[in-house]
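S.K.: Structure here, sequence nowhere to be found:
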DNA sequence: TCGATCACCGTAAACGTTTACGGTACTATG
DNA sequence: CATAGTACCGTAAACGTTTACGGTGATCGA
């Protein structure tokens, strides 16, 4: 004899979702749901049958119904802006980070999606929409501004999030960031030891926080040697190849040209090299360069001296830091690094071989 | 006197969503919903008040509730795989395409998200999950395989989708693709006119369809001149810088070295250049190269002769082709290009200057 | 034999929307 | 004045889940 199904008899046609599955097995939808969700109060034999039938019929719970009921989506959003001029970071960077993030998320049946904020929309507005619509259980933010309104907005609504990059706006959220202090210190020590005194640095043209950090830490590292960072030698640029090219032009136009330069990001090195070579100058012979490695920069000549990191590991750490702050998952990551500057290794190339007589 | 609200009196505390808004205005939730959704049967004065209050209280309809009821999500997914080695497309290619897609979607209140399939998960399985969960109203697929099982799967379920790249699997869906025939013909004509007879081509190492197309069309263009494509001169490579470097090494190891080469994608040029220069060879002087332009390739020296396209326009066309097949939007795009090979312009550089005596 | 405990399962409410349906008050028309 | 029509609005069902609650039959101990 068949059970009845919440206002519908077995004869009712066109059943969908969990009802169809329950009908097929002639048990109630409650039991099906419990079986699928791994609840303890269901017979193991029943559970086996349910899982089997689910696989057979290709049943996957409807996300809308599920999240409407639970208030949870099993989705984590990685917010990023489209339009290359703004993001700067080539997308292979994020693709590698994503891969790390997902190896962690997969363990918890969480899905990662990239929330693409159009370059024509205000990021704050976009975030507001995403949150109000109840789109994701947690967020990963990048391209953090020096003062970032998104932080307070999320904190007020108690949305778990982690950021790739610190900010002066601190609401207690976890973050990961690059070790600008370490990079600046190693770079400056190395250049000063080779006799350099006039050292230039680059920074992104916008108010992204890493620019401030990079300049500040470079100045600090110079101060340790009794040197000061000449404001005239801080070059702003778009974080892409064209930006690097432009920096080279600006630098070459200076009367008292610096003998060394620190490049803040991976992509500008390519344009900078080109700018130099058009003027007949050669990295490592006429000027010392320390930058950051990327898949592209491996093919520069002379080879670039620069810092490198595992993007995949960075993604893993990012995911763990986020989950550590989410009540449902925190017990899995009792001692995750909630705030960490990510160490980078210096790969020695030829671009900083240029040294000055003592 | 206040209205009652579907089993709840005004005194009920903790109202959320549309109920809270209705309570605030002292009207029914039905009217609020109608007002917000632009239904005709609502007083304009009422509508004004509702919109005002919604803005004031920051109300945004809950996505789960809405899509559960309507069976629609207002989300379009762009499926891509994480892990740089697989996606291949270096740099900011997709970010630019996205920007174009979104300018179209924004007009219809559709949101674009990138569905990130982990490199550890089978793309077909991933797609199955996404569809069954009812995640998106439509999909954009890229990295189309020569035979792509995803097409049939989506067609069977009547999920609207468009692909960036043709496939032998044709289920009648719209697609956009690069004009390999045009590119091959222009390139080959140009090289043959400069006396080249042994011309090499590259192709991606996997079964992605564009590789087959590129090789086939190149062979066809050669045949028009009475030449054949030597299978020994078809080089497979990963679609990144390292792949290009590897191709150079393979090519240089050949006894009867080709005098010209066509590079299938944007990123490999950088590695290929490097491979040549390490062997003391120079593009345009010792071998003729025709490739594809990218933000990076602008900084190659000697300058690359290559094809270029507007990625943003490509994104716009992609979005329009998709919407043209979705019943709710098709009337906006009565004469969209449903299947189109995208023309590319040839930018003349120095890399193909090398010519042979007649 | 009789409660009590237990394992398992069915019932129905609830999540936040949208929308078909019907109702009410007002206007127009004869 | 009666009727029809109109403009607007409230009601409640429905979407597909999850889960608190209660119910049933079996087992077990005294």
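M.R.: That came through fine. Note that the structure is a prediction, hence the values are computed from the model and not measured.
S.K.: Now residue A:347: phi and psi?
M.R.: Backbone torsions for residue A:347, taken as degrees, to the nearest 10, come to phi -100, psi 120.
S.K.: got any ranges where chain A has weak pLDDT?
M.R.: Filtered on pLDDT under 70, chain A yields the residue ranges A:1-14, A:84-91.
S.K.: and it, what are its domains?
M.R.: What the record gives for chain A is the domain set A:17-61, A:73-178+A:312-342, A:180-308, from automatic domain parsing.
S.K.: Any idea which of those gets closest to residue B:240?
M.R.: Set against residue B:240 and scored by Cβ to Cβ, the domains of chain A come closest in domain A:180-308, at 6.3 Å. The way it works is simple: take the backbone N, C-alpha and C, and place the C-beta from them, glycine included.
S.K.: And the closest one, how far out from the chain middle?
M.R.: Relative to its chain's centre, domain A:180-308 lies at 23 Å (Cα atoms, centre = their mean, to the nearest Å).
S.K.: For DNA strand C, find the nearest of the domains of chain A.
M.R.: domain A:17-61 (2.8 Å; Cβ to the nearest atom of the strand).
S.K.: Kindly present the domains of chain A as JSON lines, with separate columns for distance to residue B:302.
M.R.: Compiled in JSON lines, the domains of chain A are given as follows (distance: least, Cβ to Cβ, whole Å):
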{"stretch": "domain A:17-61", "distance to residue B:302": "54"}
{"stretch": "domain A:73-178+A:312-342", "distance to residue B:302": "23"}
{"stretch": "domain A:180-308", "distance to residue B:302": "11"}
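S.K.: Including distance to chain B, could those domains go into TSV?
M.R.: Formatted as TSV, the domains of chain A follow (distance: least, Cβ to the nearest Cβ, whole Å):
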stretch	distance to chain B
domain A:17-61	3
domain A:73-178+A:312-342	3
domain A:180-308	4
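S.K.: Mean neighbour count added to those domains, as JSON lines?
M.R.: Shown next, in JSON lines, are these (neighbours: other Cβ atoms under 10 Å in any protein chain shown):
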{"stretch": "domain A:17-61", "mean neighbour count": "15"}
{"stretch": "domain A:73-178+A:312-342", "mean neighbour count": "20"}
{"stretch": "domain A:180-308", "mean neighbour count": "20"}
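S.K.: Skipping its backbone neighbours, what lies nearest the residue of chain A found nearest DNA strand D in space?
M.R.: Nearest residue of chain A to DNA strand D: residue A:17, at 2.6 Å (Cβ to the nearest atom of the strand). In space, and not counting its chain neighbours, residue A:17 is closest to residue A:62: 5.6 Å by Cβ to Cβ, 6 or more residues apart in numbering or on different chains.
S.K.: Quick one: residues contacting the one you found.
M.R.: Residues touching residue A:62, when contacts are defined by Cβ atoms under 8 Å, 6 or more residues apart in numbering or on different chains, comprise A:17, B:68, B:133-134.
S.K.: if you set the cut-off to 7 Å instead, what comes out?
M.R.: Contacts here follow Cβ atoms under 7 Å, 6 or more residues apart in numbering or on different chains; on that basis residue A:62 touches A:17, B:133-134.
S.K.: Any chance of those residues in CSV with distance to residue B:192 as columns?
M.R.: Listed next are these as CSV, based on distance: Cβ to Cβ, whole Å:
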residue, distance to residue B:192
A:17, 61
B:133, 53
B:134, 54
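S.K.: Same list (those) but as TSV, adding secondary structure and distance to DNA strand C.
M.R.: TSV is the format used below for these (DSSP: H, G, I helix; E, B strand; the rest coil; distance: Cβ to the nearest atom of the strand, whole Å):
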residue	secondary structure	distance to DNA strand C
A:17	helix	12
B:133	coil	16
B:134	coil	13
